[in-house]
Every structure is written in structure tokens, then in C-alpha cells.
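K.L.:
I would like to see how this sequence folds:
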Amino acid sequence: MVSLKKKDICVNTFIDYDRCNALNIEGTESIKEVFGFGGVAKSNKEEPEIIVNIVFKEKVHISGIMVEAFDEGNNLLKLDCLPADLHLFSNNSSISFSDIGVSKATESIKIGANLSKIMELKVAKFRNTSDLSVKFH
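P.N.:
Below is the predicted model:
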């Protein structure tokens with residue numbers, strides 16, 4: 001979610017998809033699959049961790065994040081098939097797996113029962129965000 005003038009709106013319209021990327025992901029079309037625009041995006045079975053690097057068209061204030069995950073039959077995944085944690089890196093350019101041990105996450109969240117629900121973030125940490133990297137672990 002992005003906060004603009006005290007209203008929460010979906011962040012998708014603010015994403016510069018041409019400058020975004022995802023690491024360790026198998027898909028059928030483009031980065032847009034990660035954001036629910038059709039196709040399939042999934043992790044490599046041998047290395048299930050994924051990093052998604054998101055670049056925004058302008059600076060945004062992020063107040064929450066929602067994760068949805070479906071199997072190939074479009075059924076919501078069970079909790080034991082999901083990544084347990086999200087590690088968010090704000091204004092850290094695009095990170096890679098080699099940066100993870102060096103860079104400290106801006107915020108880490110347990111997904112658990114929060115699948116398909118908006119998980120609130122500490123807004124002060126995500127003001128004037130030009131890019132956001134998300135590591136699923």
C-alpha cells in the first residue's frame with residue numbers, strides 16, 4: 001500500500017516495471033507476474049529464496065504490504081508451503097543474495113497467518129521510498 005494525501009492506494013500504478021527485477025525466480029512472461037498480472041512466478045525448487053527488487057516512478061510512503069501465493073491451479077497455498085519471513089530493504093537500490101549478510105533489513109516480518117492480509121509496516125521507515133527490495137525466506 002502507498003499512502004498519498006492520507007489515503008491508502010495500491011502501489012502497482014507507481015512501480016516502474018522496466019527497472020524492476022527478481023532473483024531466483026522462474027516465470028513465463030515478466031516481472032509483472034510477481035505482482036499478479038497473469039502468468040506464473042515461482043522459486044527454483046533447489047533454492048526456494050526469492051528477492052524482488054522494486055523501483056518506483058516517484059518517491060512513495062509505504063504503510064503496508066500484502067503477500068498472496070497460489071499453486072498452479074490458482075488455489076491459495078497452505079502455510080507450510082510458503083516462505084516464513086519477509087525481509088524488506090528500503091532505498092537500498094537493487095540487492096542480491098551476496099548483499100543479504102551485509103545489508104541490514106529495514107524491517108522483517110513473519111508471514112504466518114497474515115497471507116492475503118495487509119501487514120502494517122513502521123511507516124517512518126518507509127517514507128520517501130524510491131525502491132524496495134523484498135527477500136522471501
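
K.L.:
which residues of this structure fall in strands?
P.N.:
Secondary structure of the chain, counting by DSSP state E: strands at 2-4, 7-9, 21-23, 25-27, 41-43, 50-62, 64-66, 85-90, 107-110, 118-120, 129-136.

K.L.:
what's near enough to touch residue 49?
P.N.:
Counting by CB atoms under 8 Å, 6 or more residues apart in numbering, residue 49 touches 24, 43, 83, 97, 135-137. For the C-beta atoms, the positions are set from N, CA and C on the backbone; glycine is no exception.

K.L.:
let's go with 7 Å and repeat that
P.N.:
Applying CB atoms under 7 Å, 6 or more residues apart in numbering, one finds that residue 49 lies in contact with 24, 43, 135-137.

K.L.:
Quickly list what the residue most central in space within the chain is bridged to.
P.N.:
Within the chain, one residue has its C-alpha closest to the average C-alpha position: by CA atoms, centre = their mean, that is residue 134, at 4.5 Å. In this structure, residue 134 bridges to residue 52, residue 88 when assessed by DSSP bridges.

K.L.:
if we can go back for a sec, most packed of the strands of the chain?
P.N.:
When you average the neighbours per residue for each of the strands of the chain (mean count of other CB atoms under 10 Å), strand 129-136 leads with a mean of 21.

K.L.:
which other helices and strands contact it?
P.N.:
With contacts defined as 3 or more CB pairs under 7 Å, 6 or more residues apart in numbering; DSSP states H and E, the secondary structure elements packing on strand 129-136 are strand 50-62, strand 85-90.
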